[in-house]
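**Q** Sharing a sequence plus its predicted fold:
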Amino acid sequence: MATTGMQLMGLILCIIGWVGGALVCAMPMWRVTAFIGNNIVVAQIIWEGLWMTCIVQSTGQIQCKVYDSMLALPSDMQAARGLTVLSMLMCALSLALGVVGVKCTKCIGVNSLKARVARISGAIFAIAGFLYLVPICWTAHAIIRDFYDPHVAAPHKRELGPALYVGWVASALILIGGSLLYAGSSPPGMPGSPTFSSGDSSPRRAASQVKGYV
(Lines give C-alpha, C1' and ligand atoms only; values in the text may rest on other atoms or scores of the structure.)
Protein backbone atom coordinates (compact mmCIF):
# COMPACT_ATOMS: atom_id res chain seq x y z
CA MET A 1 0.00 0.00 0.00
CA ALA A 2 1.08 3.60 -0.60
CA THR A 3 2.73 5.28 2.37
CA THR A 4 2.13 9.03 2.55
CA GLY A 5 5.16 9.71 4.75
CA MET A 6 7.62 8.02 2.42
CA GLN A 7 6.03 9.70 -0.58
CA LEU A 8 6.27 13.18 0.91
CA MET A 9 9.82 12.61 2.18
CA GLY A 10 10.94 11.37 -1.23
CA LEU A 11 9.24 14.27 -3.02
CA ILE A 12 10.82 16.85 -0.68
CA LEU A 13 14.30 15.37 -1.14
CA CYS A 14 13.84 15.37 -4.91
CA ILE A 15 12.74 19.01 -4.92
CA ILE A 16 15.77 20.04 -2.84
CA GLY A 17 18.07 18.06 -5.12
CA TRP A 18 16.44 19.52 -8.22
CA VAL A 19 16.92 23.11 -7.01
CA GLY A 20 20.52 22.36 -6.01
CA GLY A 21 21.19 20.71 -9.38
CA ALA A 22 19.83 23.74 -11.25
CA LEU A 23 22.11 26.03 -9.24
CA VAL A 24 25.12 23.81 -9.91
CA CYS A 25 24.34 23.77 -13.62
CA ALA A 26 24.50 27.59 -13.69
CA MET A 27 27.48 28.00 -11.34
CA PRO A 28 30.86 28.73 -12.99
CA MET A 29 32.88 27.04 -10.23
CA TRP A 30 33.24 23.56 -11.72
CA ARG A 31 36.98 24.00 -12.26
CA VAL A 32 39.10 26.46 -10.27
CA THR A 33 42.73 27.54 -10.52
CA ALA A 34 45.18 25.12 -8.92
CA PHE A 35 47.84 26.62 -6.68
CA ILE A 36 51.02 24.66 -7.34
CA GLY A 37 54.51 25.51 -6.12
CA ASN A 38 55.42 29.11 -6.85
CA ASN A 39 51.97 29.87 -8.22
CA ILE A 40 50.48 30.21 -4.72
CA VAL A 41 50.50 34.01 -4.96
CA VAL A 42 48.59 35.02 -8.06
CA ALA A 43 46.88 38.20 -9.12
CA GLN A 44 43.74 36.43 -10.30
CA ILE A 45 41.75 33.21 -9.88
CA ILE A 46 40.03 31.49 -12.79
CA TRP A 47 36.65 29.78 -12.54
CA GLU A 48 35.36 27.56 -15.34
CA GLY A 49 31.80 26.29 -15.64
CA LEU A 50 29.52 24.77 -18.24
CA TRP A 51 28.29 28.08 -19.61
CA MET A 52 30.88 30.71 -18.71
CA THR A 53 34.32 31.42 -17.34
CA CYS A 54 35.07 33.99 -14.65
CA ILE A 55 38.23 35.79 -13.51
CA VAL A 56 38.42 36.92 -9.88
CA GLN A 57 40.92 39.74 -9.36
CA SER A 58 42.91 40.18 -6.17
CA THR A 59 40.81 43.29 -5.48
CA GLY A 60 37.65 41.13 -5.37
CA GLN A 61 36.34 42.21 -8.76
CA ILE A 62 34.73 39.39 -10.79
CA GLN A 63 34.56 39.41 -14.57
CA CYS A 64 32.56 36.68 -16.29
CA LYS A 65 32.27 35.85 -19.98
CA VAL A 66 29.94 33.39 -21.68
CA TYR A 67 31.59 30.96 -24.07
CA ASP A 68 31.56 32.34 -27.60
CA SER A 69 30.75 29.13 -29.45
CA MET A 70 29.22 25.89 -28.24
CA LEU A 71 30.79 23.91 -31.10
CA ALA A 72 34.26 25.11 -30.09
CA LEU A 73 33.92 23.53 -26.64
CA PRO A 74 35.45 20.09 -25.86
CA SER A 75 33.19 17.10 -26.44
CA ASP A 76 33.08 16.21 -22.73
CA MET A 77 31.79 19.69 -21.84
CA GLN A 78 29.13 19.49 -24.55
CA ALA A 79 28.03 16.10 -23.21
CA ALA A 80 27.97 17.50 -19.66
CA ARG A 81 25.73 20.33 -20.82
CA GLY A 82 23.33 17.96 -22.51
CA LEU A 83 23.12 15.52 -19.60
CA THR A 84 22.60 18.19 -16.94
CA VAL A 85 19.88 19.96 -18.92
CA LEU A 86 18.18 16.64 -19.73
CA SER A 87 18.32 15.65 -16.06
CA MET A 88 16.75 18.94 -14.94
CA LEU A 89 13.95 18.60 -17.50
CA MET A 90 13.27 15.03 -16.36
CA CYS A 91 13.10 16.25 -12.76
CA ALA A 92 10.54 18.89 -13.74
CA LEU A 93 8.40 16.22 -15.43
CA SER A 94 8.79 13.88 -12.46
CA LEU A 95 7.80 16.64 -10.04
CA ALA A 96 4.54 17.24 -11.91
CA LEU A 97 3.78 13.50 -11.92
CA GLY A 98 4.75 13.19 -8.26
CA VAL A 99 2.41 15.97 -7.15
CA VAL A 100 -0.43 14.30 -9.04
CA GLY A 101 0.39 10.81 -7.79
CA VAL A 102 1.06 11.29 -4.07
CA LYS A 103 -1.63 9.99 -1.77
CA CYS A 104 -2.41 13.32 -0.07
CA THR A 105 -3.53 15.07 -3.29
CA LYS A 106 -6.94 14.78 -4.95
CA CYS A 107 -5.94 15.22 -8.60
CA ILE A 108 -6.79 11.59 -9.39
CA GLY A 109 -9.57 9.76 -7.61
CA VAL A 110 -8.46 6.18 -8.32
CA ASN A 111 -5.92 5.04 -5.71
CA SER A 112 -4.35 2.37 -7.90
CA LEU A 113 -3.75 4.88 -10.72
CA LYS A 114 -2.32 7.42 -8.28
CA ALA A 115 0.12 4.83 -6.95
CA ARG A 116 1.28 3.89 -10.45
CA VAL A 117 1.80 7.55 -11.39
CA ALA A 118 3.82 8.10 -8.20
CA ARG A 119 5.97 5.03 -8.94
CA ILE A 120 6.64 6.30 -12.46
CA SER A 121 7.61 9.66 -10.97
CA GLY A 122 10.04 8.00 -8.54
CA ALA A 123 11.62 5.93 -11.31
CA ILE A 124 12.13 8.98 -13.54
CA PHE A 125 13.63 10.89 -10.59
CA ALA A 126 16.10 8.06 -9.98
CA ILE A 127 17.11 7.98 -13.65
CA ALA A 128 17.51 11.77 -13.67
CA GLY A 129 19.73 11.60 -10.58
CA PHE A 130 21.95 9.03 -12.24
CA LEU A 131 22.19 11.09 -15.44
CA TYR A 132 23.15 14.13 -13.37
CA LEU A 133 25.81 12.15 -11.53
CA VAL A 134 27.59 11.12 -14.74
CA PRO A 135 28.92 14.57 -15.83
CA ILE A 136 29.86 15.44 -12.25
CA CYS A 137 31.99 12.32 -11.84
CA TRP A 138 33.41 12.57 -15.36
CA THR A 139 34.48 16.19 -14.81
CA ALA A 140 36.08 15.31 -11.48
CA HIS A 141 37.92 12.41 -13.12
CA ALA A 142 39.26 14.68 -15.89
CA ILE A 143 40.43 17.31 -13.38
CA ILE A 144 42.26 14.76 -11.23
CA ARG A 145 43.81 13.09 -14.29
CA ASP A 146 45.16 16.40 -15.65
CA PHE A 147 46.35 17.49 -12.20
CA TYR A 148 48.68 14.51 -11.86
CA ASP A 149 49.70 14.46 -15.52
CA PRO A 150 53.32 15.73 -15.76
CA HIS A 151 52.80 16.73 -19.40
CA VAL A 152 50.15 19.34 -18.44
CA ALA A 153 51.67 22.72 -17.60
CA ALA A 154 51.05 24.03 -14.09
CA PRO A 155 49.07 27.13 -15.24
CA HIS A 156 46.62 24.84 -17.07
CA LYS A 157 45.94 22.53 -14.12
CA ARG A 158 42.70 22.90 -12.23
CA GLU A 159 41.21 21.73 -8.94
CA LEU A 160 37.76 20.46 -8.01
CA GLY A 161 35.41 23.40 -7.69
CA PRO A 162 32.70 23.83 -5.05
CA ALA A 163 30.03 23.22 -7.68
CA LEU A 164 31.10 19.57 -8.02
CA TYR A 165 30.64 18.89 -4.30
CA VAL A 166 27.20 20.49 -4.35
CA GLY A 167 26.41 18.46 -7.47
CA TRP A 168 27.27 15.20 -5.72
CA VAL A 169 24.93 16.10 -2.86
CA ALA A 170 22.15 17.15 -5.25
CA SER A 171 22.37 13.94 -7.29
CA ALA A 172 22.37 11.85 -4.10
CA LEU A 173 19.23 13.63 -2.86
CA ILE A 174 17.48 13.01 -6.19
CA LEU A 175 18.45 9.33 -6.19
CA ILE A 176 17.39 8.78 -2.57
CA GLY A 177 14.20 10.79 -2.98
CA GLY A 178 13.22 8.93 -6.13
CA SER A 179 13.83 5.59 -4.43
CA LEU A 180 11.68 6.59 -1.44
CA LEU A 181 8.91 7.83 -3.71
CA TYR A 182 8.98 4.57 -5.68
CA ALA A 183 9.12 2.33 -2.59
CA GLY A 184 6.34 4.22 -0.83
CA SER A 185 3.91 4.03 -3.77
CA SER A 186 3.03 0.36 -4.01
CA PRO A 187 -0.38 -0.03 -5.70
CA PRO A 188 -3.14 -1.51 -3.51
CA GLY A 189 -3.61 -5.24 -3.76
CA MET A 190 0.01 -6.11 -4.54
CA PRO A 191 1.34 -9.44 -3.19
CA GLY A 192 2.71 -9.13 0.29
CA SER A 193 -0.10 -7.03 1.75
CA PRO A 194 -2.24 -9.06 4.17
CA THR A 195 -5.91 -9.51 3.30
CA PHE A 196 -8.62 -10.61 5.70
CA SER A 197 -11.70 -12.47 4.54
CA SER A 198 -15.20 -12.07 5.93
CA GLY A 199 -16.73 -14.21 8.66
CA ASP A 200 -18.50 -16.47 6.15
CA SER A 201 -15.28 -18.37 5.50
CA SER A 202 -14.59 -19.12 9.18
CA PRO A 203 -13.61 -22.69 10.20
CA ARG A 204 -16.97 -23.28 11.84
CA ARG A 205 -18.81 -22.27 8.66
CA ALA A 206 -16.54 -24.48 6.55
CA ALA A 207 -17.10 -27.43 8.87
CA SER A 208 -20.88 -27.06 8.67
CA GLN A 209 -20.71 -27.01 4.90
CA VAL A 210 -18.68 -30.23 4.91
CA LYS A 211 -21.22 -31.92 7.16
CA GLY A 212 -24.02 -30.80 4.85
CA TYR A 213 -22.35 -32.44 1.88
CA VAL A 214 -21.82 -35.68 3.84
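**A** Sure, I can see it. The structure presented is a predicted model; accordingly, all values stated were derived computationally and were not measured.

**Q** Can you give me the buried ones in stretch 83-94?
**A** 83-84, 87-88, 90-91, 94 (16 or more other Cβ atoms under 10 Å). To be clear about C-beta, it is placed using only N, CA and C from the backbone, and glycine gets the same treatment.

**Q** how close does residue 174 get to residue 47?
**A** 25 Å (Cβ to Cβ, to the nearest Å).

**Q** What of residue 154?
**A** For residue 154, the distance to residue 47 - Cβ to Cβ - is 18 Å.

**Q** higher neighbour count, those two?
**A** residue 47 (22 against 12; other Cβ atoms under 10 Å).

**Q** isn't there a strand covering the more buried one?
**A** Yes: counting by DSSP: H, G, I helix; E, B strand; the rest coil, residue 47 is found in a strand.

**Q** wait, it sits on residue 161?
**A** Yes: between residue 47 and residue 161 there is a contact under Cβ atoms under 8 Å: 6.9 Å.

**Q** overlap in contacts of the two?
**A** With contacts taken as Cβ atoms under 8 Å, 6 or more residues apart in numbering, residue 47 and residue 161 have 29-32 as neighbours in common.

**Q** follow-up on the earlier one: mind checking which of the buried residues of stretch 83-94 are in strands?
**A** Of the buried residues of stretch 83-94, none are assigned to strands by DSSP state E.

**Q** Closest to residue 129 out of the residues you listed?
**A** residue 87 (7.5 Å; Cβ to Cβ).

**Q** ok, that closest one touching residue 126?
**A** No: with contact defined as Cβ under 8 Å, residue 87 does not count as touching residue 126 (11.2 Å).

**Q** Check the gap between the residue nearest to residue 77 when sequence neighbours are not counted and residue 4 for me.
**A** Closest residue to residue 77 apart from its sequence neighbours, by Cβ to Cβ, 6 or more residues apart in numbering: residue 50 at 6.5 Å. Counting by Cβ to Cβ, the gap from residue 50 to residue 4 is 37 Å.

**Q** Compare these two (neighbour count), which wins?
**A** Neighbour count, other Cβ under 10 Å: between residue 50 and residue 4, residue 50 has more, with 21 against 12.

**Q** All the helices of the chain, residue numbers only.
**A** Here the chain has its helices, by DSSP state H, at 4-26, 75-101, 111-147, 162-183, 203-213.

**Q** Reformat those helices into TSV and put mean pLDDT next to each item.
**A** Output for the helices of the chain, formatted as TSV (pLDDT from 0 to 100):
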stretch	mean pLDDT
helix 4-26	91
helix 75-101	90
helix 111-147	90
helix 162-183	93
helix 203-213	46
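
**Q** which of the ones you listed sits most buried?
**A** helix 162-183 (a mean of 22; mean count of other Cβ atoms under 10 Å).

**Q** No further queries at this time; thank you.
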